[in-house]
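Participant: Build me a model from this:
(4 chains)
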Protein chains: 2
Amino acid sequence: MRISELSRRSGVSIPTIKYYLRDGLLPPGRATAANQAAYDEEHVRRLRLIRSLIGVRGLSVSATKDVLAAVDANQGDLHLLLGLVLGALPVERSGRPSRSGPEEGSERDAEPVAERDAGGAVDDVAALTAEMGWQTSPNPPAAQVISETLATMRALGVDYDWRSLVPYAELADRTAQLDLDQLQDAGDPLQQAERALLLTVLLEPALLALRRLAQEHHSALRFRND
Amino acid sequence: MRISELSRRSGVSIPTIKYYLRDGLLPPGRATAANQAAYDEEHVRRLRLIRSLIGVRGLSVSATKDVLAAVDANQGDLHLLLGLVLGALPVERSGRPSRSGPEEGSERDAEPVAERDAGGAVDDVAALTAEMGWQTSPNPPAAQVISETLATMRALGVDYDWRSLVPYAELADRTAQLDLDQLQDAGDPLQQAERALLLTVLLEPALLALRRLAQEHHSALRFRND
DNA sequence: GAGCATTGGACAGTGGCACTACCCGTTATC
DNA sequence: GATAACGGGTAGTGCCACTGTCCAATGCTC
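Facilitator: Residues are numbered from 1 along each chain as shown, chains lettered A, B, ... in the order given. Below is the predicted model of the structure:
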């Protein structure tokens, strides 16, 4: 098929498809002439996957590109694939250009919210993973997010350390096992790789949404004053 | 204190503080003259909170504004506050301008990724909340995220319905109870409201990060071929 | 085989967002 | 009384995800 049919089938406009082609998100079609190319079902599938990652999960175009490249490159080794995918993902649209302000003010009063660390939050994460018996790669981005969060909590006056997170970590552990349980059955390696991607990445907003529904329910039980 | 000291104490640049003042994120200082205003500790605190929500959690400026307004307006009623906060939050930077493409193509082949619904995903969420015994407001944004995710999963060929989410929902239920357990002790209503905000909103990236660490660990156990 | 729509490719433009820079008249401070 | 800092306003910046326009080269239709 050609680009107009690809557009119709996928629901993505032609200029956007061209944009994805330029950016390397979508592999080019098979060129049939100097200005003609043929696309196939795989392209339709890929486009839908792209739209899901960008639209539903909210990934940026460049993160989507990295994630898809990881899927393409390592269909065989699921562990390696997961590592690459999780490494390529920004955790929640972090990776901002970062603040301005006094970079390292000589003023001893300045406690600039501790975006790096405050009170050994990095050690805290090490303690937490040790407590859980988790073995991970040396310095995963996810660990940095956790230490950042802990540091921020403390900077804002909430008494929080790694011990506060242990119950959450246990629930996360069971969540992860649920995720992996669902990867056993799947067709060819590409299907399995895509499924892994969906179960880990696409499920993230849904899991947060479940937590919100549950929070609302329990909040009504506990706090509502009828 | 005046703006320069506020900037030093909070680590936020003066132009950015002015920007937050203009946008109503930060309440104005007490005006002492036509071009002079005084800020206090509460402003420092507020600025740090703002930076945490925007920087760590990744909220947009306008969402941050809505959330903070909810905190200010309803310090007394925690349930109402949580409802407002959860309502004001985008779930994962959704709320995109939405796609283009053929809006309602006459082509019967077009299945435009189903950003609204595909195969009764909305009913699925109703079934899920009924199964869990959750009682929530009529049509929470979180429910839409879940149905969107289910619809997308199915559109991509993954066999997924609300039953697949029940185990996750049970874990989410326990997570929410953990969250609310930590709200019992807290000082004045403002402190408690802020704490609720941090435990629900700021914790989100950290919870996803915990899941990722656990995924990496269990993936190594199951799939690594040494 | 003539004519018109479509194609692929390049490049410039758009709108939104989160700041950031500059200017100006006024006010503190030394 | 000079100099610095202040507040307030407007305009500009950089990035991102598209979107629009142009072009010569097909393809398809009659």
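
Participant: Relative to A:Ala88, how far out is A:Ser60?
Facilitator: Here A:Ser60 is placed at a distance of 11 Å from A:Ala88 (Cβ to Cβ, to the nearest Å). Just so you know, the C-beta spots here come from the backbone N, C-alpha and C atoms, and that holds for glycine as well.

Participant: quick one: which of the two has more around it?
Facilitator: A:Ala88 (19 against 14; other Cβ atoms under 10 Å in any protein chain shown).

Participant: Contact partners for that one?
Facilitator: Listed by Cβ atoms under 8 Å, 6 or more residues apart in numbering or on different chains, the contact set of A:Ala88 reads A:Ala63, A:Asp66, A:Val67, A:Ala70.

Participant: Spatially nearest residue to it, not counting backbone neighbours?
Facilitator: Take A:Ala88 and drop its neighbours on the chain: the residue closest to it by Cβ to Cβ, 6 or more residues apart in numbering or on different chains is A:Asp66, 3.9 Å away.

Participant: A strand includes the one you found, no?
Facilitator: No: if the criterion is DSSP: H, G, I helix; E, B strand; the rest coil, then A:Asp66 is helix and not within a strand.

Participant: what's the burial count for it?
Facilitator: 17.

Participant: same deal with A:Arg22?
Facilitator: Residues near A:Arg22, counting by other Cβ under 10 Å, number 10.

Participant: Give me the phi and psi angles of A:Ala33.
Facilitator: phi -160, psi -180 (degrees, to the nearest 10).

Participant: Which single residue in chain A comes nearest to DNA strand D?
Facilitator: A:Ser60 (3.1 Å; Cβ to the nearest atom of the strand).

Participant: Chain B versus that residue, what's the distance?
Facilitator: For A:Ser60, the distance to chain B (Cβ to the nearest Cβ, to the nearest Å) stands at 10 Å.

Participant: from memory that residue sits against A:Pro90, does it?
Facilitator: Yes: the pair A:Ser60 and A:Pro90 qualifies as a contact (Cβ atoms under 8 Å) at a distance of 7.3 Å.

Participant: Give me the pLDDT for the residue positioned nearest the centre of chain A.
Facilitator: Nearest to the geometric centre of chain A sits A:Leu89, at 4.3 Å (Cα atoms, centre = their mean). The per-residue pLDDT reported for A:Leu89 equals 82.

Participant: surely it meets A:Gly58?
Facilitator: No: using Cβ under 8 Å, A:Leu89 is not in contact with A:Gly58; the gap is 11.0 Å.

Participant: Between these two, which contacts overlap?
Facilitator: Common neighbours of A:Leu89 and A:Gly58, counting by Cβ under 8 Å, 6+ apart, are absent.

Participant: from the chain's centre, how far out does stretch A:43-52 sit?
Facilitator: Taking the mean of its C-alpha atoms, stretch A:43-52 sits 17 Å from the chain's own mean (Cα atoms, centre = their mean, to the nearest Å).

Participant: So for it, mean pLDDT?
Facilitator: Taken as a whole, stretch A:43-52 carries a mean pLDDT of 94.
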